[in-house]
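Any chance you could fold what I've pasted below:
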Amino acid sequence: MLSRAVSFQFALDPNVEQRILLAKCAGARRFTLNHHLARVKANLDVRSAERDALSESGESGEPATPPLSWSGFSFINEFNAWKNGASEDSPINEDGRRGLAWRHELPNDVFECASVDAARALENFSASRSGKRSGTPVGFPRFQAKGKVTPSFRLRNRATPDRPPTSQPIRFSDPSHLRLPKFGPVKLFGPTRKVRRMIDAGRFHIYSATLTQRAGRWTVSLTGVAAELHQTERSRTTRHVVPVGVDRGIISLCVAADANGVPFESFEGVTTLKQAQATLKAANQALARTTPGSKGRQRARARLAKRHRTVANTRRHLVHQVSKTLVDRAQVLVIEDLNVAGMVRNRHLARSISDTAMGELSRQILYKARWHGVEVRVADRFFPSSKTCSGCGEVRNDLDLSTRTYSCDSCGLVLDRDLNAAINLARWQPCRQRSKTEHFRR
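Numbering: from 1, shown residues only. Presented below is the predicted three-dimensional model:
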């Protein structure tokens, strides 16, 4: 039964023609998004002016200009008519033909997926303005400018799960090439055997492919649904049955211990950003010495982006290893509900907190635990795991971040601060008044 949302990412090695087509598709997505946003903004401005005129004259009623529909379906129909020359305001080419002259060079999915993205962004803006959307208020979507946004676009597979893999628009033509509409076979880096075997066995179906360029390298993310893991994997008898607390920190990426006070696992902190400060500083200085708009500035920007890409990839790889190890070895995990966004506002700790990827580790533990049948409990954000003594339960309110060793004046317990917090988290029990427990067991 297909029930797992899965994404596989590969780096691409396109040829010269494919690189040009990739850049054109990314530009077409920006063009389509800006087209819809400009139409909606112009409609809102006209209706606002008409509404102000009615209020000044003392009249009541709705503006004469009708509102535009913000649904993805209406956006797709409108843009298809506009680019195909069926609309009154369609562009006119030099030869007198109406419509976009280059529309047939690109996959039609680029335009339709961009229309859906524009509708989704406007929907978030509308929900935030009306108060239906929680969280940080969302303003009107920004227009996409070349060089200021990440080049990206999406292609849909347009195939049903019962359709043979060899006849689908997006498919593996051989172990090292992925066939895409209008692109043909595109060479991939890395092994593809796992994904191909899942597709051939009917355990994974590709819904879409998202192509993104970062630091001069194009990557493809194959998103779809996969079958649940085998029951033997979801019900491992070798897992640690005692609840395990996971304390995320700055010095160590995370420290894990069970409710009996036995250390479970400790992972060194991610210091890739700290280690790369010297090379990043040199790359930033080289970028600052270049002339704006020159070829040298483009090369310097690419060198800086590659160094940042190396840091991000190293961090992501380590976090994946840590989350997989915890899910494989423990049956019950207890993590904290940290306000990472608020912690990053501390300018003294912002770099270190960002380098430890606290939010990413929590996200990976949650979805991997759901896959493997592991229960995850999320402790209350105000639970004093670090200030509570794991020996007698005494709370030290004077404990600051600089104190790395916890010492209890009541029972004389002395141990590492993070280990003490992990033990307390493992013993945490949900409270009726403030319970934020999430169970991911099926």
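
Leu399 versus the nearest residue to Asp416 once chain neighbours are set aside, what's the distance?
Distance criterion CB to CB, 6 or more residues apart in numbering; nearest residue to Asp416, sequence neighbours excluded, is Thr405 at 6.4 Å. The way it works is simple: take the backbone N, C-alpha and C, and place the C-beta from them, glycine included. Using CB to CB, to the nearest Å, Thr405 is found at 10 Å from Leu399.

If you count surrounding residues, which of these two has more?
For Thr405 versus Leu399, neighbours defined as other CB atoms under 10 Å are more numerous around Leu399 (16 against 10).

before we move on, back to that, shared neighbours of Thr405 and Leu399, anything?
Arg417 (CB atoms under 8 Å, 6 or more residues apart in numbering).

Let me know how buried Gly299 is, in neighbour terms.
Actually, residue 299 is Arg rather than Gly. Neighbours of Arg299 using other CB under 10 Å come to 14.

on that earlier part again, ok, the residue nearest to Asp416 touching Asp418?
No. Using CB atoms under 8 Å, Thr405 is not in contact with Asp418; the gap is 10.1 Å.

Which parts of the stretch 1-150 of the chain are helices?
Ranges of helices within the stretch 1-150 of the chain are 16-57, 72-83, 108-130, based on DSSP state H, counting those that start in this stretch.

again, but for the stretch 201-350 of the chain
Ranges of helices within the stretch 201-350 of the chain are 231-234, 272-275, 277-288, 295-329, 340-343, 350-356, based on DSSP H, counting those that start in this stretch.

any residues touching the fifth one, and which ones?
The reference is to helix 340-343. 349, 353, 358-359.

can the residues you listed go into TSV with extra columns for pLDDT and distance to Thr212?
Formatted as TSV, the contacts of helix 340-343 follow (pLDDT from 0 to 100; distance: CB to CB, whole Å):
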residue	pLDDT	distance to Thr212
Leu349	71	30
Ile353	73	26
Met358	80	24
Gly359	82	20
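
Mind checking which of those residues are buried?
Those of those that meet the buried threshold are 353, 358-359, by 16 or more other CB atoms under 10 Å.

how far away is Thr65 from Val46?
5 Å.

Looking at these two, which is more packed in?
Thr65 (16 against 13).

can you pull the contacts of Val40?
Contacts of Val40 (CB under 8 Å, 6+ apart): 68, 70, 122.

what's the first-to-last distance across stretch 84-98?
Stretch 84-98 has an end-to-end distance of 7 Å (CA to CA, to the nearest Å).

Quick one: mean pLDDT for it?
For stretch 84-98, mean pLDDT is 89.

list the buried ones in that stretch?
Applying 16+ other CB under 10 Å to stretch 84-98 flags 90, 98 as buried.

ditto for stretch 394-403
Quick answer for stretch 394-403 (16+ other CB under 10 Å): 396, 399.

Now tell me what touches that stretch from outside.
Under CB under 8 Å, 6+ apart, the answer for stretch 394-403 is 349, 384, 386-389, 406, 408-411, 417.

tell me the contacts of the residue nearest the centre of the chain?
Compute the mean C-alpha point of the chain, and by CA atoms, centre = their mean the closest residue is Glu360, 9.3 Å away. Listed by CB under 8 Å, 6+ apart, the contact set of Glu360 reads 316, 319.

Name the helix or strand for it, please.
Assessed by DSSP states H and E, Glu360 sits inside helix 358-372.

okay, that helix in CSV with CA atoms only?
The C-alpha trace of helix 358-372 is given here as CSV (Å, rounded to 0.1, in the frame of the first residue of the first chain):
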residue,chain,number,x,y,z
MET,A,358,18.6,21.7,15.7
GLY,A,359,15.4,22.1,13.7
GLU,A,360,16.5,19.8,10.9
LEU,A,361,17.5,17.0,13.3
SER,A,362,14.1,17.2,14.9
ARG,A,363,12.3,17.1,11.6
GLN,A,364,14.2,14.1,10.4
ILE,A,365,13.6,12.2,13.6
LEU,A,366,9.9,12.8,13.4
TYR,A,367,9.4,11.5,9.8
LYS,A,368,11.9,8.7,10.0
ALA,A,369,10.3,7.5,13.3
ARG,A,370,6.9,7.4,11.5
TRP,A,371,8.4,5.3,8.8
HIS,A,372,10.0,2.8,11.2
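
Can you name the element that comes right after it?
Heading C-terminal from helix 358-372 (DSSP H and E), you reach strand 375-379.

Tell me where the stretch 151-300 of the chain has strands.
Assigned by DSSP state E, counting those that start in this stretch, the stretch 151-300 of the chain shows strands spanning 152-156, 171-174, 177-180, 184-187, 204-214, 217-227, 244-248, 252-258, 263-268.

Between the ones you listed, which one is closest to Ile365.
Ile365 lies closest to strand 244-248 among the strands of the stretch 151-300 of the chain, at 7.3 Å (CB to CB).

neighbouring contacts of that closest one?
With CB under 8 Å, 6+ apart, strand 244-248 has contacts from 254-259, 264, 326, 330, 332-336, 338, 356, 358, 361-362, 365, 385-386, 418-419, 421-428.

separation between the residue nearest to Asp416 and His348?
21 Å.

related to what we said a few turns ago, from Arg248, how far off is the residue nearest to Asp416?
Separation of Thr405 from Arg248 (CB to CB): 18 Å.

what stretches of the protein score poorly on pLDDT?
For the chain, applying pLDDT under 70 flags the ranges 1-2, 159-162, 269-271, 431-442.

tell me the domain boundaries of it?
Domains of the chain are assigned by automatic domain parsing as 2-16+149-231, 19-130, 236-276+304-426.

can you put these in TSV and add distance to Pro137?
TSV is the format used below for the domains of the chain (distance: least, CB to CB, whole Å):
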stretch	distance to Pro137
domain 2-16+149-231	21
domain 19-130	5
domain 236-276+304-426	14
